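Asks: Make a model of this:
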Amino acid sequence: MRRAGYGAAMTGIDRYELIVVGAGPCGIAVGAAAEQAGISCVLFDKGCLTASVVDYPYYMTFFSTAVMLEVGGVPFTIPDSKPTRREALAYYRRVVAHWGIDVRQYEEVTEIEGSEGDFTVKTVRADGSARIYAASAVVVATGGFQAPNFLGVPGEDLPKVRHYYREPYPYFDRDVLVVGAGNSAVESALEMYRNGVRVSLVHFLDKVDRGVKPWVVPDITNRLERGEIPVYWRHRVSRIEPGSVVLRSEKDGEETEIANDFVVAMTGWRSDHRQLEALGVDIDGETGIPSHDSNTMRTNVPGIYIAGVIAAGHNANKIFIENGREHGALIVADRVRG
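Replies: Model (predicted):
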């Protein structure tokens with residue numbers, strides 16, 4: 001029997017066994033596992049459902065197959081093996097509806113205090129109204145896209161600098177510099193190239209990153225070798241001017257200035273650990289990984305769990321949906337065991 005709202009009559013505060021901060025795919029996986037186990041659970045997100053997926057490039061296709069993105073035992077059935085962003089968004093909405101997961105969109109968790117069995121969670125809704133909830137345990141599943149990895153150079157605050165990419169059309173017939181050589185950088189550069197953008201690439205190493213999708217590597221290699229996408233290997237951005245970008249050689253420090261209308265810095269994002277740190281969770285200074293037991297996802301603070309990409313620390317490529325989705329079942333199993 002579900003325990004939703006237990007104790008509410010005595011305290012006047014809605015109480016849950018689990019409160020999940022974050023309503024991305026891995027947060028949804030926690031909610032689905034809780035529903036299957038009959039444990040009361042609610043998800044809060046400062047944005048919309050699966051906000052990180054919403055922010056992906058509009059026409060993106062996942063590297064993972066559909067079956068590897070499934071959560072809650074709900075089949076992800078599509079004609080092709082690899083789903084698009086649009087198909088994934090529809091699928092995760094269906095999972096939420098199938099299990100009746102309680103998701104509070106646009107309600108930001110602002111403070112967590114208390115101890116295991118008696119946590120108080122404060123939130124603020126989009127209209128500015130404040131709410132208070134109680135929980136036996138809290139799961140932080142806020143992902144790895146809370147803040148971009150800034151270049152830290154003069155001019156980065158100019159409006160022409162973007163730390164995200166959605167589609168090529170705003171950049172038609174413009175000079176655009178893509179910073180980085182990972183999947184996001186390579187794919188955005190290729191798409192812009194094919195849509196009339198004068199795009200170039202800069203990277204502090206001398207080749208594309210090892211994690212670039214195998215079927216994309218020949219494409220970007222050919223474009224670079226033919227000079228169709230100019231590339232500045234072993235260079236970094238030194239400063240950004242309104243009409244240009246200055247690059248600095250890693251080899252000899254020599255600077256090169258190129259014409260520029262936009263900078264698309266695909267330098268990755270990182271998790272926000274402030275809530276975990278405020279609760280006393282230990283964060284490894286080098287890796288950024290919160291202290292936790294990988295068998296239960298419990299942190300060093302009793303009653304506080306983590307799920308999804310946040311468990312990877314600074315290396316967001318270590319945990320994806322396909323392995324982060326497993327965290328929900330581990331957390332719920334630990335709560336059931338008591």
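Asks: what's the spacing between residue 143 and residue 309?
Replies: 5 Å (Cβ to Cβ, to the nearest Å). Just so you know, the C-beta spots here come from the backbone N, C-alpha and C atoms, and that holds for glycine as well.
Asks: more crowded one of those two?
Replies: residue 309 (29 against 25; other Cβ atoms under 10 Å).
Asks: Check what pLDDT the more buried one gets.
Replies: The score at residue 309 is 91. That number is its pLDDT.
Asks: can I assume it sits in a helix?
Replies: Yes. When DSSP: H, G, I helix; E, B strand; the rest coil is applied, residue 309 is found to be in a helix.
Asks: From what I see, it and residue 25 are in contact.
Replies: No. Counting by Cβ atoms under 8 Å, residue 309 sits too far from residue 25 to count as a contact (9.7 Å).
Asks: Now list whatever residues contact both of those two.
Replies: By the contact definition Cβ atoms under 8 Å, 6 or more residues apart in numbering, residue 309 and residue 25 are jointly contacted by residue 324.
Asks: Tell me the backbone dihedrals of residue 26, please.
Replies: phi -80, psi -30 (degrees, to the nearest 10).
Asks: Tell me how many other residues crowd it.
Replies: Residues lying near residue 26 (other Cβ under 10 Å) number 30.
Asks: what does the one 5 residues further on give?
Replies: A count of nearby residues for residue 31, using other Cβ under 10 Å, gives 29.
Asks: And residue 68, by the same measure?
Replies: Residue 68 - counted by other Cβ under 10 Å - has 17 other residues nearby.
Asks: show me what contacts it?
Replies: Applying Cβ under 8 Å, 6+ apart, the residues near residue 68 are 321, 322.
Asks: One more pass at 7 Å, please.
Replies: Residues in contact with residue 68 (Cβ atoms under 7 Å, 6 or more residues apart in numbering) are residue 322.
Asks: Surely it is in a strand?
Replies: No. Assessed by three-state DSSP, residue 68 does not belong to a strand; its assignment is helix.
Asks: pLDDT score assigned to it?
Replies: In this model, residue 68 is scored at 93, pLDDT.
Asks: ok, now how distant is it from residue 61?
Replies: 14 Å.
Asks: Same check on residue 130?
Replies: 41 Å.
Asks: and those two? which has more neighbours close in?
Replies: residue 61 (15 against 10).
Asks: Lovely, talk soon.
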